[in-house]
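Enquirer: Have a look at this prediction, sequence included:
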Amino acid sequence: MPDQHANATPAASALPVDDARLDAAWARIRGRLREEVGEAEYRTWLRQLTLAGVEGEEAVVQVPTRFLRDWLRGQYGDRLRALWQAEAVGVRRVDIRVAPQAAPREATGAVDGAGLAEPLPATRPPGEAAQTGARAESPKVESRGDWAAPLDPRFTFDSFIVGKPNEFAHACARRVAEKPNSPGFNPLFLYGGVGLGKTHLMHAIAWAIRAPQEGIAGRSVAYMSAEKFMYRFIAALRSQSTMEFKESLRSVDVLMIDDLQFLIGKDNTQEEFFHTFNALVDQGKQIVVSSDKPPSDLAGLEDRLRTRLGCGMVADIHATTYELRISILESKANTAQVDVPARVLEFLAHKITSNVRELEGALNRLIAHANLFGRPVTLESCQEVLHDILRAHDRRVTIEEIQKRVAEHYNIRLTDMSSARRARNVARPRQVAMYLSKQLTSRSLPEIGRRFGNRDHTTVMHAVSRVAELMQGDAGFAEDVELLRRMLET
Ligand SMILES: Nc1ncnc2c1ncn2[C@@H]1O[C@H](COP(=O)(O)OP(=O)(O)OP(=O)(O)O)[C@@H](O)[C@H]1O
């Protein structure tokens, strides 16, 4: 479809900006946009926006490509208008146009022909693509999988700590890494909440698959985020190299897509992913996908894609347990070769339960502080250095709430939390409530004991270790306790 608008009213017809006020206003608007969207986004989308002139009450800004124009109109049109209006220089409207010299490059119709409504690759700003011509965004792949995203050298199986919440996902990941395309494991769909190790596991699989074994060259892996997949696909459409894009993807042994939820609502890209997916599975290639939700909950993903994604192995990474958090902290402190007292690790594992990323961040901050001042890490320094994080994580759950929730869950009377009854069906829930009180509140053992019918602190200690022990040995029980913990934490 020809670009009527750009041809009829080329940016050059706007009045030149000879007003210093307008220049200054434009500089401020650009500065504001830069602050608002961040440097990366600005460089990708907005850097090439130039002020062509002002026509009456309309500011005319221009960009080199029609694609960029459409994208900016959709994404930033309103914001640009509001910023111009706020400058009070008489501009009430903004028109984004294609710079005349750039129009021929856009006249291929490839983009519009595909009904595209998605952005350009963020990896390289569109400006650079324009300067370097077709080469810039072409996803050509000479050797297998060489265009995949770089892998983080820290994210390997060796550095992944396995515990109850992630052991199934870990076992599946290992299996796929050792034997891609095992029956029942293709695709492998890993899902879990933020910062629980999905990307870590994905990279670990990719490292293992790529590694040469016993003199045999490693397999080729294309690993990328769903966002990157989409950008690549759009770039291919732009440079009319979709065939190469498809072939390059289909030539790898294993395709791994991280954060698949990103494809929700991106119909063109979903479609392409679906075809690639089918082609690869038909050729016996392995697919690994990660997401923050299971396939069934990915509303907005096409049904047939959802169904296909769910027909292999779906593995959940659960929220961390106290034990897993301790192990991860120990391992990270070890790797950093910093002596962090057990009390500090326990304190952190107890306080920061949201996700591993935050836990790791807190530990890194402690270690950096200790290195900077040449002081050992202590509980006091930990509380001081991390006071803001700790305050944010201060749980407000009370022992009373815990007792109530646990009593309800096990269907016992609330009064039995403090009664002297020792029957198993009462004593066990009471122990669970004590365990959760220790985990979720900052109350001391004697205080917890007092709230449970004036029991001694050693009784609480025993309850805590007994519940932990039972959780180790009985997955059903562990799940129950975890569920209670999660309910109480939210
Ligand atoms: N079991 C684990 N052992 C060691 N490190 C872990 C573990 N789980 C998570 N981490 C670390 O926590 C951080 C966050 O993990 P990761 O980036 O893999 O999370 P994610 O689930 O992909 O999060 P998001 O949903 O935000 O993409 C990483 O530094 C990772 O190494």
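Expert: Nice, I can see it. Residues are numbered from 1 along each chain as shown.
Enquirer: and the residue of the chain nearest the ligand?
Expert: In the chain, the residue that lies nearest the ligand is residue 197 (2.7 Å; C-beta to the nearest ligand atom). Bear in mind the C-beta positions are built from the backbone N, C-alpha and C, glycine included.
Enquirer: in stretch 440-456, what's buried?
Expert: 440-441, 443, 445, 448-452, 455 (16 or more other C-beta atoms under 10 Å).
Enquirer: Could you tell me which residues of the stretch 301-450 of the chain lie near the ligand?
Expert: Neighbours of the ligand within the stretch 301-450 of the chain, by C-beta under 6 Å from any ligand atom: 328, 356-357, 360.
Enquirer: go again using 5 Å as the cut-off
Expert: 328, 356-357 (C-beta under 5 Å from any ligand atom).
Enquirer: so where is the chain shaky, pLDDT-wise?
Expert: Within the chain, the ranges that satisfy pLDDT under 70 run 1-19, 39-41, 43-44, 67, 101-148, 392-396, 489-490.
Enquirer: contacting residues for the closest residue to residue 90 other than its chain neighbours?
Expert: Spatially, and ignoring its direct neighbours in sequence, residue 90 is nearest to residue 57 (6.2 Å; C-beta to C-beta, 6 or more residues apart in numbering). Contact analysis of residue 57 by C-beta atoms under 8 Å, 6 or more residues apart in numbering lists 90-93.
Enquirer: quick one: which of those residues is most hemmed in?
Expert: In terms of neighbours by other C-beta atoms under 10 Å, the contacts of residue 57 top out with residue 91 at 24 neighbours.
Enquirer: who touches that one in this structure?
Expert: Residue 91 touches 22, 25, 54, 57-59, 84-85, counting by C-beta under 8 Å, 6+ apart.
Enquirer: between those, which has the most around it?
Expert: Using other C-beta under 10 Å as the neighbour test, these are led by residue 59, with 29 neighbours.
Enquirer: Count the residues that sit near the closest residue to residue 385 other than its chain neighbours.
Expert: Nearest residue to residue 385 in three dimensions, chain neighbours excluded: residue 369, at 4.8 Å (C-beta to C-beta, 6+ apart). Neighbour count of residue 369, defined by other C-beta under 10 Å: 16.
Enquirer: now swap in residue 426 and tell me
Expert: Neighbours of residue 426 using other C-beta under 10 Å come to 18.
Enquirer: Please report how far residue 69 lies from residue 76.
Expert: According to C-beta to C-beta, to the nearest Å, residue 69 and residue 76 sit 11 Å apart.
Enquirer: These two - which one has more neighbours?
Expert: Neighbours were counted for residue 69 and for residue 76 using other C-beta under 10 Å; residue 69 has more, 25 against 20.
Enquirer: how close does the residue of the chain most remote from its centre get to residue 411?
Expert: Largest separation from the mean C-alpha position in the chain: residue 420, at 48.4 Å (C-alpha atoms, centre = their mean). For residue 420, the distance to residue 411 (C-beta to C-beta) stands at 20 Å.
Enquirer: for residue 457, what are its contacts?
Expert: Residue 457 makes contacts with 444-446, 448-449, as judged by C-beta under 8 Å, 6+ apart.
Enquirer: show me where the stretch 201-350 of the chain has helices.
Expert: Taking DSSP state H, counting those that start in this stretch, the helices of the stretch 201-350 of the chain run over residues 226-238, 242-250, 267-282, 303-309, 322-335, 342-351.
Enquirer: Contacts for the last one next, please.
Expert: The set of residues external to helix 342-351 that reach it, using C-beta under 8 Å, 6+ apart, is 322, 325-326, 329-330, 333, 359, 362-363, 366, 377-379, 382-383, 386, 390, 393-394, 439.
Enquirer: repeat that for 6 Å
Expert: Outside helix 342-351, the residues that touch it by C-beta atoms under 6 Å, 6 or more residues apart in numbering are 322, 325-326, 329, 362, 377, 379, 382, 390, 393.
Enquirer: ok so, going back, select only the buried ones of the residues of the stretch 301-450 of the chain next to the ligand in PyMOL?
Expert: A single PyMOL command is used to select the members of those judged buried by 16+ other C-beta under 10 Å:
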select buried, resi 328+356
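Enquirer: Distance-wise, check the nearest residue to residue 333 once chain neighbours are set aside relative to residue 295.
Expert: Sequence neighbours aside, residue 340 is the residue nearest to residue 333 in space, at 4.3 Å (criterion: C-beta to C-beta, 6+ apart). Residue 340 is 40 Å from residue 295, where distance means C-beta to C-beta.
Enquirer: again with residue 307
Expert: The value you get for residue 307 to residue 295, if C-beta to C-beta is used, is 8 Å.
Enquirer: okay, those two: which has more neighbours?
Expert: More crowded of residue 307 and residue 295, by other C-beta under 10 Å: residue 295, with 21 against 12.
Enquirer: Let me see the contact set for the more buried one.
Expert: Listed by C-beta under 6 Å, 6+ apart, the contact set of residue 295 reads 189, 306, 309-310.
Enquirer: ok so, going back, looking at the helices of the stretch 201-350 of the chain, which is closest to residue 164?
Expert: Minimum separation from residue 164 across the helices of the stretch 201-350 of the chain (C-beta to C-beta) falls at helix 322-335, 6.9 Å.
Enquirer: Could you pull out the buried residues of that closest one?
Expert: 322-329, 332-333.
Enquirer: Which residue is the nearest non-sequential neighbour of residue 49?
Expert: Sequence neighbours aside, residue 61 is the residue nearest to residue 49 in space, at 5.3 Å (criterion: C-beta to C-beta, 6+ apart).
Enquirer: for residue 207, that is, sorry about that
Expert: Computed as C-beta to C-beta, 6+ apart, the closest residue to residue 207 that is not its neighbour in sequence is residue 156, at 5.3 Å.
Enquirer: swap in residue 416?
Expert: residue 426 (4.7 Å).
Enquirer: for residue 487, same thing?
Expert: Using C-beta to C-beta, 6+ apart, the closest residue to residue 487 is residue 405 (6.4 Å).
Enquirer: where does the one you found land in three-state SS?
Expert: Classification of residue 405 using DSSP: H, G, I helix; E, B strand; the rest coil returns helix.
Enquirer: before we move on, back to that, specify which member of the contacts of residue 457 is nearest to residue 273.
Expert: residue 448 (51.6 Å).
Enquirer: ok, the closest one - contacts?
Expert: Residues in contact with residue 448, defined by C-beta under 6 Å, 6+ apart, are 434, 437, 460.
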